[in-house]
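Undergrad: Here is my input, please return the structure:
(2 chains)
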2 protein chains.
Amino acid sequence: MGWVRFTHFGETVSFGFRRDNAIEEYVGEMFCDPSPAGRVLPFEGTHLLSPCSPTKVIALWNNFHALSTRMGKQPPSGPLFLIKPSSAVCGHEATINRPKQYTGKIAFEGELGIVIGRPCKEVSEIDASRFIFGFTCVNDITATQWLYEDADFQQWTRAKGCDTFACIGPCIVQRFDWRSSRVVTRVNGVERQNYPLNDMILSPERQVSLISQEMTLLPGDVIAVGTSLGVGSLAAGALVEVSIEGIGTLQNTLATV
Amino acid sequence: MGWVRFTHFGETVSFGFRRDNAIEEYVGEMFCDPSPAGRVLPFEGTHLLSPCSPTKVIALWNNFHALSTRMGKQPPSGPLFLIKPSSAVCGHEATINRPKQYTGKIAFEGELGIVIGRPCKEVSEIDASRFIFGFTCVNDITATQWLYEDADFQQWTRAKGCDTFACIGPCIVQRFDWRSSRVVTRVNGVERQNYPLNDMILSPERQVSLISQEMTLLPGDVIAVGTSLGVGSLAAGALVEVSIEGIGTLQNTLATV
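TA: Numbering: from 1, shown residues only, chains lettered A, B, ... in the order given. Coordinates of the predicted model:
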């Protein structure tokens, strides 16, 4: 149950609120007082897209205590991040494509995503929640071999910015208590990650506040809050699922070639 | 002389072709067979914006032989880059803003910008020029203190992604021989950079081809091709000008606070 973007039997892109096996279509702006369109569609026959169209996806590194400790790092004082461009975004059930000419490992990272609802600049941590529309699941895909291939320049953007490397979905939920939920990632049905969101170093509100001191966050922008233990790589054709209780399960498949 | 985006006495955003002291307004898509709107406006009274609206600005590091040698680095085999988000873009005569709570140096980097004209994925180096709409000037602004502040994670995105840190303009030219032109950067009228574009390591066509193997480039996207010797910092209130013969001069001022 939550906000989705979709196409219906090849029609143009719409958005609406999914409840069980039906989607109530809405018109207007998802983030700004949308109105019911007056029709309810059976979920069957719809094709989900990423639930929002970010102008940027901000992806955090080293934001969970357990992984930070495992890596032997200090918790950062502020968000350490890269940007995945809009061209990297794909939705639920989309195929993750291996870049041609890349033969290295492709890693999954199950993460919580913050969805921004209003333009947001220099907001305080106390006010930040008013600028958060809701939460979604993110699979932050990485071509890991590129990260440290150059001795001087860490290639976070290249390794994480390829087309289909920002999987987002299946929906956006507005009432979500991140402190009591977990991220579970499964590959071909086998659990690989299962970590509590309350192990987060910088809270969603703190992330929004600190990032907005420097760059304007726009409606639909997504902050992937970072991952924790259990990151691994995907074999060709693997099905990867990121589940967050209270949001849903984001499924994607790595292409077979 | 070249393509500009502008507002005219507070009207909505338009685009057109500037010749000397007049702008011929166009309608449609700048990158796809635009039509004259039937009016010519005096340049006086217009306010230039960035000449395009990139979904992403890809900024290269270590792409000029002279600077690479000075830094003691090897020329890279492929483009090393970060992404500046659309929220960082500003145009000619815009004020560059210092992020609040940042007290370190703010550096200028005069650069050539490639403007993409057509969606572009997995194009060959030979075909790449067909996807380049034209060229512009870029000032790639950096909050340098943040770059290596974290011992483990290079903060290229944060240091270069702040609002107003991607200055682009004043116009886009379509007939431009980069091999015979130079980038000249002046601060308060004093020349600080003056380097030939034919010292570039990866050519514009090679950059477009290689980046497009991994991520889709979209109309209006800008690739800042990297800078060379003479990078320095700006004092509060400084006027910084990036001039490229055959394109024009991009002027910006660092805010006084």
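
Undergrad: for chain B, what are the nearby residues on chain A?
TA: A:55-56, A:61-62, A:73, A:76, A:79-88, A:99-102, A:121-122, A:150, A:152-158, A:161-163, A:213-218 (C-beta under 8 Å from any C-beta of the partner chain). All C-beta spots, glycine's among them, are computed from the backbone N, C-alpha and C.

Undergrad: And these, which of them are buried?
TA: A:55-56, A:61-62, A:73, A:76, A:79-88, A:99, A:150, A:153-158, A:161-163, A:213-218 (16 or more other C-beta atoms under 10 Å in any protein chain shown).

Undergrad: What about the residues you listed, which are in helices?
TA: A:156-158 (DSSP state H).

Undergrad: Looking at these, which is nearest chain B?
TA: residue A:157 (4.9 Å; C-beta to the nearest C-beta).

Undergrad: Regarding chain A, what is its longest strand?
TA: strand A:32-42 (DSSP state E).

Undergrad: after that strand, next one along is what?
TA: The helix or strand immediately downstream of strand A:32-42 is strand A:46-48, counting by DSSP states H and E.

Undergrad: residue contacts, residue A:244?
TA: A:112, A:135, A:137, A:181-184, A:197 (C-beta atoms under 8 Å, 6 or more residues apart in numbering or on different chains).

Undergrad: quick one on the thing from earlier: roughly how far is the longest strand of chain A from the heart of the chain?
TA: How far strand A:32-42 lies from its chain's middle: 24 Å, per C-alpha atoms, centre = their mean, to the nearest Å.

Undergrad: Next: stretch A:3-13.
TA: For stretch A:3-13, the distance to the chain centre is 20 Å (C-alpha atoms, centre = their mean).

Undergrad: Can you pull out the low-pLDDT segments for chain A?
TA: Of all residues in chain A, none has pLDDT under 70.

Undergrad: Please report phi then psi for the residue nearest the centre of it.
TA: Closest residue to the average C-alpha location of chain A: residue A:138 at 2.5 Å, with C-alpha atoms, centre = their mean. Here is the backbone geometry of residue A:138 (degrees, to the nearest 10): phi -130, psi 140.

Undergrad: what pairs with it across the strands?
TA: Using DSSP bridges, the bridge partners assigned to residue A:138 are residue A:111, residue A:168.

Undergrad: Tell me who's in contact with it.
TA: Applying C-beta under 8 Å, 6+ apart to residue A:138 gives the contacts A:57, A:59, A:110-113, A:166-168, A:222, A:224, A:242, A:250.

Undergrad: next one: residue A:221
TA: Contacts for residue A:221 (C-beta under 8 Å, 6+ apart) come out as A:54-58, A:115-116.

Undergrad: what's the closest of those to chain B?
TA: Checking the contacts of residue A:221 against chain B with C-beta to the nearest C-beta, the nearest one is residue A:56 at 4.2 Å.

Undergrad: ok so, going back, for the residue nearest to the centre of chain A, give its distance to chain B.
TA: Distance, residue A:138 to chain B, using C-beta to the nearest C-beta, to the nearest Å: 17 Å.

Undergrad: Same check on residue A:21?
TA: Residue A:21 is 34 Å from chain B, by C-beta to the nearest C-beta.

Undergrad: thought that residue was touching residue A:41?
TA: No: using C-beta atoms under 8 Å, residue A:21 is not in contact with residue A:41, being 10.0 Å away.

Undergrad: Looking only at neighbour counts, state which of the two leads.
TA: residue A:41 (20 against 9; other C-beta atoms under 10 Å in any protein chain shown).

Undergrad: C-alpha coordinates for the helix or strand hosting residue A:205, CSV please?
TA: Assigned by DSSP H and E, residue A:205 falls within helix A:204-212. The C-alpha coordinates for helix A:204-212 follow below in CSV (Å, rounded to 0.1, in the frame of the first residue of the first chain):
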residue,chain,number,x,y,z
PRO,A,204,16.9,10.8,7.8
GLU,A,205,16.0,14.2,9.3
ARG,A,206,19.7,15.0,9.9
GLN,A,207,20.6,13.9,6.4
VAL,A,208,18.0,16.2,4.8
SER,A,209,19.0,19.1,7.0
LEU,A,210,22.8,18.8,6.4
ILE,A,211,22.6,18.1,2.7
SER,A,212,20.1,21.0,2.2
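
Undergrad: Direction included, what does the helix or strand following it pair up with?
TA: Of the helices and strands lying after helix A:204-212 in sequence (DSSP H and E), the nearest is strand A:222-224. Strand pairing for strand A:222-224, using DSSP bridges, gives strand A:56-61 (parallel), strand A:110-116 (antiparallel).

Undergrad: contacts for the last one?
TA: Taking contacts as C-beta under 8 Å, 6+ apart, the residues outside strand A:110-116 that touch it are A:51-52, A:57, A:59, A:131-140, A:168, A:172, A:178, A:181, A:183-185, A:193, A:197, A:204, A:207-208, A:217-227, A:242-244.

Undergrad: if we go to 6 Å?
TA: With contact meaning C-beta atoms under 6 Å, 6 or more residues apart in numbering or on different chains, strand A:110-116 is reached by A:52, A:132-134, A:136, A:138, A:140, A:172, A:183, A:185, A:193, A:197, A:204, A:217, A:219, A:221-225, A:227, A:242.

Undergrad: How far away from the center of its chain is it?
TA: With C-alpha atoms, centre = their mean as the basis, strand A:110-116 stands 5 Å off its chain's centre.
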